[in-house]
Structures are given as C-alpha cells and as structure tokens.
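J.: fold the following for me, if possible:
(2 chains, ligands or ions: 2)
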Amino acid sequence: MPKNQIPLWEVFIRPRNGLAHKHCGSVHAADEVMALQAARDVYTRRGEGTSIWVVPSSAITASDPENKDENFEPALSKVYRHPTFYDIPDDVGHM
Amino acid sequence: MYSQGLIGAKTDTGEDEAFLAAFQARIDAEEKIEPNDPMPDGYRKTLVRQIGQHAHSEIVGMLPEGNWITRAPSLRRKAALLAKVQDEGGHGLYLYSAAETLGVSREQMTEELLSGKAKYSSIFNYPTPTWADIGAIGWLVDGAAIMNQIPLCRCSYGPYARAMIRVCKEESFHQRQGYEIMMTLARGSDDQKEMAQDALDRWWWPSLMMFGPHDSESQHGDQSMKWKIKRFTNDELRQKFVDATVPQAEFIGLKIPDPELKWNEEKGGYDFGAIDWDEFWRVVKGGGPMNRQRIEARRKAWEEGAWVREAALAHAEKRKARRAAAKMAAE
Ligand SMILES: [Fe+2]
Ligand SMILES: [Fe+2]
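T.: Ligands and ions are numbered 1, 2, ... in the order given. This next block holds a predicted model:
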C-alpha cells in the first residue's frame, strides 16, 4: 500500500443476537477504533445491527476464482451426501 | 441518490472472441460477476467510470441541500434534512467501496473529481436559492434517481448491485420528505405556493436531463445493456419518471412547465416537449451555474482535511510502534 493511503477494512455486522456476522462492505480508516466508528456511521443508520466486526482487508486470504472448479466441483458429484439419496419406504415414517 | 445516464464511457475491449463469448454466456445466464472474476477490460472500465460518477454525484449532491440545513424552517425539517444529507454521504461511501473492488483507489477517484476528469450528475450544478428547492430536490431529483437505481439493483456486477440495494432502501424517505415539503408549500399562502411552483419550474427540465442523452445519441448504451450493467435505456427510464411524476404534481395543484405535455392514450404515457441538450452538455462540461463552487467546496474539504488524515495515520503508526515495543519488552 502506498504511503499516506488510509487502510481498508472489511465490515461485518450481526443483525441481531442469534445470527452470524455477515459481510456488508468496507471502510477506510487509519486504525481499528476509527474503523469501528466509520462502520457504525456508514452501515448501521437504521438499526441494521447490534454488533460490528472490522477486519483489515489485507488480513483476508481468499480462494482464487480461477480454481473454482477444482475447489467446488467435487462436491456436486457426491449426491450420497444428501438424505434424499437413500430410499426408505414411506411406511417407516418421518426420518 | 443520484446516478445519471453514463457520460462519455469507452466500452471497447481488447480480448479475444472466445473470452468475450464465455463472459457473455455468464451474463446471459444471469450470473453475478464478482471482483476477482475474469472480466473484459471494457466491462471493468465502464463500471469504474459509472460507479465513480455515481459516487461523486452522491458526495457533490450533499452540497446543494447542505446549503439549507442551518436555515430549515422547523426542527422537524432540519432533522429530516440532516438525516437525508448524511444518507447521501453514506451512499457515496458504499459506491466508492464498490468501485475500489475493481482496482481503483479512493485517492485516485478523488483526484479525478477535483481535476474535473471525472464527471458527476449535472443536476447538482444548479443553485438552491429557496427552501422550496429542498422540496423539489427530494421529490424530483431523488425521484429520478430512484427510477435509475432500482434496475441497478439487478446489475451484473455483484458489489454494485449490493450497494444499490442498500441505497434504494434509503431513497424512499428522501423522496417522501421532499414531496411533503412541496405539498405543504403548495397548500400554504399564495407566496408559498408561488415558491413551490418556481422551484418546480427550475428543476423539472434538469431532472429529465438526469437520465442522460437520448438512446439515439448515446453511443455506449447498447454494450452496457448487453453486459447487463443497465437494464433499461435512458429514454425508457425518463418516460417512466414523467408518467409517475405528472399526477403527483397535479395532486398538489402545481403545473409542469411544459406546454407540450399531453397524455397519449395510445402509448399509455405522456408525450413531452424537447429537452435542451445544449444546456445539458454545457452543464456537464463545467458551464453550469454552480460547477465552480461545487468543485471548489470539495477541494476545500479535501485540502483542509489533509492534516486530519495525516495525523490519524501518524497516531496509528505511533500506537503500532508502542505495542510492538511493549511486546518485545515482555518477551
Ligand atoms: Fe443517494
Ligand atoms: Fe437520496
């Protein structure tokens, strides 16, 4: 990152207790205190959340979309991982 | 608020046919494109330009309304206007973030705005001399922006579409508070009604220009439609806006300043008079009544905020160094 550029933070918000934090966007801020304040002002003006995480964007490692097929294709062919793969007579009742 | 038909984008792109066809197939299948996905250079450039213009419009758009915050006629109006202007600042930030996912920096975008290289919606180069202008902006300018932005929620580029969904949720309040101001004035004293009509007279045509040049004149519309960056043409959106707005003006007893405006039963919409495109291009290119002041205000904010940005970074560095020293001492 060039000098004097304000770091980027990814913002995650928990809409309410019981739900997971979800990515909602990003903010620029010099440090984590200001990042939290900016995230509150930018992303929670209408009760969108009860908790905020900010994470330096540079700390995130992402999978490469180029490898999408080798990463995720194998899951598609494994139908036996799903309950509907197995034939159980209706007489058995709900299972 | 405020996207405008894209001004002067280049959509030419240098990839081979197979790459472009594969990309188009993803678009045709309504797949969203995400930041690190392969994409044609023209697609990236068009989006950087469009999202950048849109973000700048939100930010510059705070100025004409900010002009009235301290003079709003009641506490209720003042609180609403403050909240609206703050929303517009937020919209600018969502959009800058979306543009940054395409590899352009915030600093670069700011510099392009200040140098005049990047454009913003022509509508903000008109002045707001009366309180009724605040009503007219909310009603017409936010109203036009909503027409533009709702289809952008389905834009093929994921981060832009997501930002638009947030923006659209917030716009409806903007338009309603503006219409309420106009309605109150239109039902007030003769002077107040006249003030409302005067504001409508001044904002009507610039609002229609917000949708950008006619389809026959806009060179890059087709490619943007094919890539599903846009879902409707400029003229389609403009027609929707006119059809929605005319009855709203009638309801509060104001007159649209267009002698040629007439319901067309056959097309199920209004016919309306010719737009002064010379004025549009003059204003886009810097010749509007307020262009100089708008950019001057942004430059002042940027330059006078420089020491704050520097101090915040220096403070963050100092704290980081202190933490590192404390950790060393503990080891
Ligand atoms: Fe906005
Ligand atoms: Fe708005």
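J.: interface residues of chain A facing chain B?
T.: A:4-6, A:8, A:25-31, A:34, A:41-42, A:45-46, A:62, A:64-66 (CB under 8 Å from any CB of the partner chain). From N, CA and C alone the C-beta is placed, and that goes for glycine too.
J.: and for the residue in chain A positioned nearest to ligand 1, the neighbour number?
T.: Here the residue of chain A nearest ligand 1 is A:Arg45; by CB to the ion that distance is 12.6 Å. A:Arg45 has 13 neighbouring residues, counting by other CB atoms under 10 Å in any protein chain shown.
J.: so who does it touch?
T.: By CB atoms under 8 Å, 6 or more residues apart in numbering or on different chains, the contact list for A:Arg45 reads B:83, B:86-87, B:90, B:170.
J.: ok, B:Met225 - how many residues close by?
T.: The number of residues near B:Met225, taken as other CB under 10 Å, comes to 14.
J.: next, it: secondary structure please.
T.: helix (DSSP: H, G, I helix; E, B strand; the rest coil).
J.: what's near enough to touch it?
T.: By CB under 8 Å, 6+ apart, the neighbours of B:Met225 are B:231, B:233.
J.: the residue in chain A that ligand 2 sits nearest to sits in which helix or strand?
T.: Nearest residue of chain A to ligand 2, counting by CB to the ion: A:Arg45, 12.9 Å away. Under the criterion DSSP states H and E, no helix or strand holds A:Arg45.
J.: again, but for B:Ile165
T.: Secondary structure (DSSP H and E) places B:Ile165 in helix B:158-186.
J.: check whether stretch B:306-319 contacts chain A.
T.: Yes. Applying CB under 8 Å from any CB, one finds stretch B:306-319 touching chain A at B:309-310, B:312-313, B:315-316, B:319.
J.: returning to what we had before: so which of the residues of chain A next to chain B belong to strands?
T.: A:8, A:25-28 (DSSP state E).
J.: tell me which of the residues you listed has the lowest pLDDT.
T.: pLDDT is lowest at A:Gly25 among these; the value there is 90.
J.: would you map the helices across chain A?
T.: For chain A, the helices defined by DSSP state H cover A:32-43, A:68-76.
J.: mean neighbour count and mean pLDDT added to the ones you listed, as JSON lines?
T.: Listed next are these as JSON lines, based on neighbours: other CB atoms under 10 Å in any protein chain shown; pLDDT from 0 to 100:
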{"stretch": "helix A:32-43", "mean neighbour count": "18", "mean pLDDT": "95"}
{"stretch": "helix A:68-76", "mean neighbour count": "10", "mean pLDDT": "84"}
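J.: on that earlier part again, now the residues of chain A next to chain B: which count as buried?
T.: A:6, A:8, A:25-31, A:34, A:42 (16 or more other CB atoms under 10 Å in any protein chain shown).
J.: and chain A, which residues reach ligand 2?
T.: Residues of chain A lying near ligand 2 by CB under 5 Å from the ion: none.
J.: in a markdown table, list the helices of chain A along with distance to B:Ser121.
T.: Below are the helices of chain A laid out as a markdown table (distance: least, CB to CB, whole Å):
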| stretch | distance to B:Ser121 |
| --- | --- |
| helix A:32-43 | 21 |
| helix A:68-76 | 37 |
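J.: neighbours around the residue nearest to B:Leu152 when sequence neighbours are not counted, how many?
T.: Distances taken as CB to CB, 6 or more residues apart in numbering or on different chains place B:Met164 nearest to B:Leu152, at 4.4 Å, with adjacent residues excluded. Residue neighbour count, defined by other CB under 10 Å, stands at 26 for B:Met164.
J.: ok, A:Arg16 next?
T.: Counted with other CB under 10 Å, A:Arg16 comes out at 10.
J.: I'd say it and A:Gly47 touch.
T.: No. Applying CB atoms under 8 Å, one finds A:Arg16 not in contact with A:Gly47, separated by 9.3 Å.
J.: list the buried residues in the helix or strand of chain B with the lowest mean pLDDT.
T.: Within chain B, no helix or strand scores below helix B:221-226, which has a mean of 87 by mean pLDDT, DSSP states H and E. For helix B:221-226, the neighbour count (16+ other CB under 10 Å) marks B:221, B:223-224 as buried.
J.: give the next helix or strand downstream of it.
T.: Criterion used, DSSP H and E; the element after helix B:221-226 is helix B:234-251.
J.: and the angle from that next one to helix B:158-186?
T.: Interaxial angle, helix B:234-251 versus helix B:158-186 (axes from the mean of the first three to the mean of the last three CA atoms, to 10 degrees): 30 degrees.
J.: can you list the neighbours in contact with the very next helix or strand once past helix B:234-251?
T.: Using DSSP H and E, the helix or strand that follows helix B:234-251 in sequence is strand B:262-264. Applying CB under 8 Å, 6+ apart, the external contacts of strand B:262-264 come out as B:269-271.
J.: about what we covered before: quick check, nearest of the ones in strands among the residues of chain A next to chain B to A:Thr84?
T.: A:Gly25 (37.0 Å; CB to CB).
J.: quick check: bridge partners of that closest one?
T.: A:Val11 (DSSP bridges).
J.: where in chain A is pLDDT low?
T.: Low-confidence regions of chain A, defined by pLDDT under 70, span residues A:1-3.
J.: can we see that at 90?
T.: Counting by pLDDT under 90, the low-confidence segments of chain A come to A:1-5, A:47, A:62-78, A:95.
J.: any idea which element the closest residue to ligand 1 within the stretch 51-200 of chain B lies in?
T.: Relative to ligand 1, the nearest point of the stretch 51-200 of chain B is B:His91 (3.7 Å; CB to the ion). Using DSSP H and E, the element containing B:His91 is helix B:75-100.
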